[in-house]
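Visitor: The following comprises the amino acid sequence and a computationally predicted model.
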Amino acid sequence: MTTLSGARPQDFNDYWQTALAELAALPAAPEVEEIPLRATDFATAYGVRLTSIGPYRIYAYLSIPRGNGPFPARYFLPRYGSVVDLVPQGTANGQRREYVTFSIGVRGQRLADQPYAASFPGLLTDGIGDPATYVYRGILADCCRGLEYLAARPEVDGARIAAIGPDLALTTAALCPQITHVVCTPALLYGAADLAPHTSAYPLEEINDYLRRHPSRRELVHRTLSYFDLRWFAPQVNATTLLMAGADGAALDAAALDPLAQAIAGPTEVHQSEHSGYKDGVYSEEWLTRQFGMAEPSLPPHWQS
C-alpha cells in the first residue's frame, strides 16, 4: 500500500469559501425544459441549465416521479468522461419511479461544452499548475450549484438526498450540508500526487504525462492537488457515507481507504469490491434502500433475475 504524504493547505478553508462566495454572487438563472422522449408512465424528465462560476452555463437531467411527493433524491455526480446520462449507465431506470434523480453535466461535458469542450484524456491536468486556474475548482462549483437547485425543488425530501459517484460525491458533500447520504467510489482525488507515480493507467497517468512534459512544475502540481484531496474534505462530511473500495490489493482497496473513512465526520462504512459489478452494485443499492427506509432496492431487470 502506498503511503500518502502531503499536508492540508493552511488556506484550504479560505480557498473554498472564496469559490463558494463567488458562486453565491451569481444567480443560478435556471432554464427548465421538459424532455418528452425521456418520459415514462411513472416519471417526467427535464433538461435544466444553470449558471455556475465563470460565469458558465452547465446542464443537468432531472427526473421527477409522477404522484405525490416529496421523494428521496439521488444526485449523480459525473464520472470521468464526456457523456452524462439521465441515470448512469448500468443503473436501473426504474429508480425514477420512487426517486427524484438529478444527473449533473459539469463544464466541458456534453451539453455543457460551450464554450469549453473538455478533452479525455486531458481534463485532469487542465490548469493544474495553479490552484486558481485548475479546472476542478470550477467543476466542484458546478456540482455545488446543481445540489443547491436540487435541494430547493419542492418535490425533494430534504432529509433524504444522496450524492452518488466518484470523488466529486464526497467533495460536494463536504461543501454542501444539504446532502444527507453519500455513496462514493474514490478514483482520482485521494492522494493523487502519491498514487500517480505507481500506475500507468488513465486517468491518473495524465498527471505522469504532464510532469514528464513539465518536470519543473512538480511542486506546483502537488500544491494544486492538495486543495482537492479527499483527505482534507473528509472532516467536513457529516453525511452518512458508504465508500466503495477496490478489490483487495488494489491501490484504493479497503485498507488504503481506511484513513479516509476514519477522517469522515459522519457515520462511515467501507465496502471492499467483490470482483463483481453485480455484487458491488447490489450491495450499494441495498445499503441506500436501508438508509432511506425504502421497501425494495432499485435493481436493473437483469440483476433481478
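Guide: Good, I have the coordinates. Numbers count the residues shown, from 1 in each chain.

Visitor: what about the helices in this protein?
Guide: Secondary structure of the chain (DSSP state H): helices at 12-24, 135-152, 167-175, 192-195, 205-213, 218-226, 230-233, 254-263, 277-292, 301-304.

Visitor: where among those is the average confidence lowest?
Guide: Here the lowest mean pLDDT among these goes to helix 301-304, at a mean of 74.

Visitor: So for that helix, what gets flagged as buried?
Guide: Buried residues in helix 301-304, counted by 16 or more other C-beta atoms under 10 Å: none are found. Just so you know, the C-beta spots here come from the backbone N, C-alpha and C atoms, and that holds for glycine as well.

Visitor: chain center to that helix, what's the gap?
Guide: 26 Å (C-alpha atoms, centre = their mean, to the nearest Å).

Visitor: Show residues contacting it.
Guide: If you take C-beta atoms under 8 Å, 6 or more residues apart in numbering as the criterion, helix 301-304 is touched by 92, 94, 278, 281-282.

Visitor: Any chance you could give me it in PDB, C-alpha atoms only?
Guide: This file holds the C-alpha atoms of helix 301-304, laid out as PDB (Å, rounded to 0.1, in the frame of the first residue of the first chain):
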ATOM      1  CA  PRO A 301     -34.000  -6.200 -14.500                       C
ATOM      2  CA  HIS A 302     -31.200  -8.500 -15.500                       C
ATOM      3  CA  TRP A 303     -29.900  -8.400 -11.900                       C
ATOM      4  CA  GLN A 304     -33.300  -9.300 -10.500                       C
END
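
Visitor: who's in contact with the closest residue to H181 other than its chain neighbours?
Guide: Distances taken as C-beta to C-beta, 6 or more residues apart in numbering place A162 nearest to H181, at 4.1 Å, with adjacent residues excluded. Residues in contact with A162 (C-beta under 8 Å, 6+ apart) are 72-75, 179-183, 288, 291-292.

Visitor: One more: A247?
Guide: Applying C-beta under 8 Å, 6+ apart, the residues contacting A247 are 253, 272-275.

Visitor: go on, G122?
Guide: E206.

Visitor: Can you tell me which of the contacts of A162 is nearest S5?
Guide: Proximity of the contacts of A162 to S5 (C-beta to C-beta) peaks at V182, which lies at 25.5 Å.

Visitor: Next one: the closest one relative to L175, how far apart?
Guide: To L175, V182 is 12 Å away according to C-beta to C-beta, to the nearest Å.

Visitor: and if you look at G158?
Guide: In terms of C-beta to C-beta, G158 sits 17 Å off from L175.

Visitor: Tally up the residues packed near the nearest residue to R217 once chain neighbours are set aside, please.
Guide: Using C-beta to C-beta, 6+ apart and skipping residues adjacent in sequence, the residue nearest R217 is G129, 5.4 Å away. Using other C-beta atoms under 10 Å, G129 is surrounded by 15 other residues.

Visitor: beta partners of the closest residue to V84 other than its chain neighbours?
Guide: Nearest non-adjacent residue to V84, counting by C-beta to C-beta, 6+ apart: G105, 4.0 Å away. Listed by DSSP bridges, the beta-bridge partners for G105 are Y59.

Visitor: Just name the closest of the contacts of A162 to L111, please.
Guide: Among the contacts of A162, and counting by C-beta to C-beta, the member closest to L111 is Y75, at 17.3 Å.

Visitor: ok, the closest one - contacts?
Guide: 102, 104, 146-147, 150, 161-164, 172, 179.

Visitor: do F233 as well
Guide: 170-171, 174-175.

Visitor: Now with 10 Å, please.
Guide: Applying C-beta atoms under 10 Å, 6 or more residues apart in numbering to F233 gives the contacts 8, 12, 16, 140, 167, 170-175, 189-190, 227, 260, 263-264.

Visitor: Could you identify the buried members of those residues?
Guide: If we count by 16+ other C-beta under 10 Å, the contacts of F233 have these buried: 12, 16, 140, 167, 170-175, 189-190, 227, 260, 263-264.

Visitor: Quick check: nearest residue in space to E205, chain neighbours excluded?
Guide: Leaving aside its sequence neighbours, E205 sits nearest to T199 (C-beta to C-beta, 6+ apart; 6.5 Å).

Visitor: Restrict stretch 121-132 to CA atoms and write it as PDB.
Guide: C-alpha atoms of stretch 121-132 as PDB (Å, rounded to 0.1, in the frame of the first residue of the first chain):
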ATOM      1  CA  PRO A 121      -7.600  12.400 -21.600                       C
ATOM      2  CA  GLY A 122      -6.600  15.900 -20.600                       C
ATOM      3  CA  LEU A 123      -9.200  17.300 -18.300                       C
ATOM      4  CA  LEU A 124      -7.400  16.100 -15.100                       C
ATOM      5  CA  THR A 125      -4.400  18.300 -15.800                       C
ATOM      6  CA  ASP A 126      -6.200  21.300 -17.300                       C
ATOM      7  CA  GLY A 127      -4.800  24.400 -15.400                       C
ATOM      8  CA  ILE A 128      -3.200  22.100 -12.800                       C
ATOM      9  CA  GLY A 129      -0.100  24.400 -12.400                       C
ATOM     10  CA  ASP A 130      -2.100  26.800 -10.200                       C
ATOM     11  CA  PRO A 131      -5.000  26.200  -7.800                       C
ATOM     12  CA  ALA A 132      -6.700  29.400  -9.100                       C
END
